[in-house]
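# Below is the sequence, then the predicted model.
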Amino acid sequence: MVRPSLTIARAAGRLSRVLGRGGGTSLPGHVLLRLDEGAPERLAAELTHGVAVVSATNGKTTTARMIGRCLQAAGWNTVANQAGANLLSGVATALLDGAARRPRPDAGLFEVDEAALPDVVRRLRPRVIVLMNLFRDQLDRYGELEALAERWEAMVAALPASTIVVANADDPAVVAIAGRLGCADDPRTGGPRVLTFGVDDTRAALERPPHAADSTRCRTRGTSLEYAPALLGHMGHWRCPGCGAARPRPDVRATRVELDGLAGVDLTVATPTGDVHARISLPGFHNAYNATAAIAAAVALEIPAELIGPAIAESAAAFGRGERVALHGRELILLLAKNPAGANETVRTVLMEEGELHLLVSLNDRTADGQDVSWIWDVDYEPIIERAASVTVTGDRAHDMALRLVYGGLPRERLTVEPDPALALDAALDAAPIGGRVHALPTYTAMLALREILVERGAVEEFWRDGRAA
């Protein structure tokens, strides 16, 4: 029997699209939750392969897409929120859409906002939970990183033994949350099963954790962690000299990571069911982590190892995350940069480009970005400033970003400040030579605004259409 609440909620989504108010990726879920609060639980329970959720400060959208390809390769009919609506309302909308499909989906795959994760997990009772990383982000919304870590830790402690937690061994905060510190100060036993992943190949190691690295102290002793070496932000091969806690040997290990400039990454990942080889078209060391997390999740979901590599290789960039757009005889590369750790990795990726750089940097301070933009002073922009032939800054806080770059050493004659995003895009493209590249580094809502301009110009599709088609 079709419940009236489902019909009404779907109608709200159709109306949203007809009126041009968006893709209806959240509104139907809001309506459904008001009319029938228990609907997500019932809809999730109908999925015979169960539910997998992915959460992180950075990388959850890309990783979820990679996992989705693995499930598709295994023949699973999956419902997902790939348009990026990652609060409970977005998950409810995806489940609502799935219930209308024929044949009905047999699995759920959802990327989930870090703060929303405990409630989503409580309701959906996932088979697999992927905990990738925790970085400082949106302090005015989340509070200190420790507050999120405590909520995750309580969530994991309440999980049944049937749940598999896929945890990043290289993130000391995530390892502590998963209860796998391996020291006398953390004597927990029982709880969910834990499958760890990490990167063993240290050739791209950092000299030291960045000055803005977050979880660099032991959660039980408060002692400064030692790294041998650091790999990305506070992630790496860590140990606490005070209590003896250390990075566990990962169950799923990236044993070979070959960075091929902006063309992508080649990697080999050892798993309990066999080695996985894959070449991904997404650049940067952070995408090696995303791929390793996706492979670990696929292993936890019992996807055959021989299917995983080819499926990962087929994964395209999610909107705004390494997305490439041809426009006015140039190539525009969108690289989301929304917090210190993510922005530092974006800088690291852009630096793999040879020659002079042409940049479009867009900074907003809206709710989804976080209204505190002081984090830009913790980003190491200086290396790209040295190689920048032109930098165009835009967004609600364009002048704040301009000030940061000038203080970082950018000559003013190479800087253009244009608060209007459409005019800024034109200025950035005009500053680059025909056949050249412009690297766009926007915050989240700035990225959505930039994509709206590209949609109007016929260069890309709306992100929600992209998500529903995936």
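The structure has been received and is ready for your questions.
# Run through the protein and note the low-pLDDT ranges.
Low-confidence segments of the chain, defined by pLDDT under 70, span residues 1-2, 13, 15-24, 138-144, 180-190, 212, 463-470.
# Counting neighbours, which bits of the lengthiest strand in the chain end up buried?
If you go by DSSP state E, the chain has its longest strand at strand 252-260. Across strand 252-260, burial judged by 16 or more other CB atoms under 10 Å covers 252, 253, 254, 256, 257, 259. C-beta: built from backbone N, CA, C; applies to glycine.
# cool, and stretch 355-369?
When neighbours are counted by 16+ other CB under 10 Å, the buried residues of stretch 355-369 are found to be 357, 358, 359, 360, 361, 362, 363, 364, 365, 369.
# Residue 92: which of these is nearest?
Sorting the buried residues of stretch 355-369 by distance to residue 92 puts residue 369 at the head of the list, at 24.0 Å, by CB to CB.
# Let me see the backbone angles for the closest residue to the closest one other than its chain neighbours.
Closest residue to residue 369 apart from its sequence neighbours, by CB to CB, 6 or more residues apart in numbering: residue 443 at 4.5 Å. Geometry field for residue 443 lists phi and psi as phi -80, psi 180, criterion degrees, to the nearest 10.
# Not counting the helix or strand harbouring residue 453 itself, show me its contacts.
Residue 453 is part of helix 444-456 when elements are defined by DSSP states H and E. Applying CB atoms under 8 Å, 6 or more residues apart in numbering, the external contacts of helix 444-456 come out as 319-320, 325, 327, 332, 334, 336, 338, 362-364, 366, 368-369, 394-395, 421-422, 425, 440, 442, 460-463.
# Next: stretch 149-159.
Applying CB under 8 Å, 6+ apart, the contact partners of stretch 149-159 are 114-115, 117-118, 121-122, 129, 131, 134, 165, 173, 176-179, 188, 191-192, 215, 219.
# what about burial for these, which qualify?
If we count by 16+ other CB under 10 Å, these have these buried: 114-115, 117-118, 121, 129, 131, 134, 165, 173, 176-179, 191-192, 215, 219.
# The next helix or strand after the longest strand of the chain: partners in the sheet, and parallel or antiparallel?
Helices and strands here follow DSSP H and E; after strand 252-260, the next one along the chain is strand 264-270. Sheet partners assigned to strand 264-270 using DSSP bridges are listed as strand 252-260 (antiparallel), strand 276-280 (antiparallel).
# Residue 346 is nearest to which of the ones you listed?
In this view, the strands paired with strand 264-270 are compared for proximity to residue 346 by CB to CB, and strand 252-260 is the closest at 14.3 Å.
# export that closest one as CSV, just CAs?
Below are the C-alpha coordinates for strand 252-260, written out as CSV (Å, rounded to 0.1, in the frame of the first residue of the first chain):
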residue,chain,number,x,y,z
VAL,A,252,43.6,-2.5,3.7
ARG,A,253,46.9,-0.8,2.7
ALA,A,254,47.9,1.4,-0.2
THR,A,255,51.3,-0.1,-0.9
ARG,A,256,52.0,1.9,-4.1
VAL,A,257,50.8,5.4,-4.8
GLU,A,258,52.1,7.0,-8.0
LEU,A,259,51.1,10.6,-8.5
ASP,A,260,50.8,11.4,-12.2
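# quick one: stretch 78-89 to chain centroid distance?
On the basis of CA atoms, centre = their mean, to the nearest Å, stretch 78-89 is displaced by 13 Å from the centre of the chain it belongs to.
# So for that stretch, what gets flagged as buried?
Of the residues in stretch 78-89, those buried by neighbour count under the rule 16+ other CB under 10 Å are 78, 79, 80, 81, 82, 83, 84, 85, 86, 87, 88, 89.
# Which helix or strand contains the second one?
Going back to what we said before, that points to residue 79. Take DSSP H and E as the rule and residue 79 turns out to sit in strand 78-80.
# Equivalent analysis for the last one, please.
Secondary-structure element containing residue 89, defined by DSSP H and E: helix 88-99.
# for residue 133, same thing?
In the assignment (DSSP H and E), residue 133 maps to no helix and no strand.
# Ramachandran angles for it?
For residue 133, the backbone dihedrals (degrees, to the nearest 10) come out as phi -170, psi 160.
# now it: how far from residue 447?
Distance, residue 133 to residue 447, using CB to CB, to the nearest Å: 20 Å.
# re the thing from before, what's in contact with the helix holding residue 89?
Around helix 88-99, the neighbours that count as contacts under CB under 8 Å, 6+ apart are 6, 9-10, 13, 24-30, 32-33, 39-40, 43-44, 46, 79-81, 83-85, 104-105, 108, 110, 112, 116, 119-120, 123-124, 468.
# Would you tell me what the next helix or strand after it is?
Downstream of helix 88-99, the next assigned helix or strand under DSSP H and E is strand 107-111.
# Which strands or helices does the helix or strand that that following strand is followed by pack on?
Next helix or strand after strand 107-111 toward the C-terminus (DSSP H and E): helix 117-124. When contacts are defined as 3 or more CB pairs under 8 Å, 6 or more residues apart in numbering; DSSP states H and E, helix 117-124 packs onto helix 39-45, strand 51-55, helix 88-99, strand 107-111, helix 145-157.
# can you list those in JSON lines and add distance to residue 309?
Compiled in JSON lines, those are given as follows (distance: least, CB to CB, whole Å):
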{"stretch": "helix 39-45", "distance to residue 309": "29"}
{"stretch": "strand 51-55", "distance to residue 309": "19"}
{"stretch": "helix 88-99", "distance to residue 309": "27"}
{"stretch": "strand 107-111", "distance to residue 309": "19"}
{"stretch": "helix 145-157", "distance to residue 309": "30"}
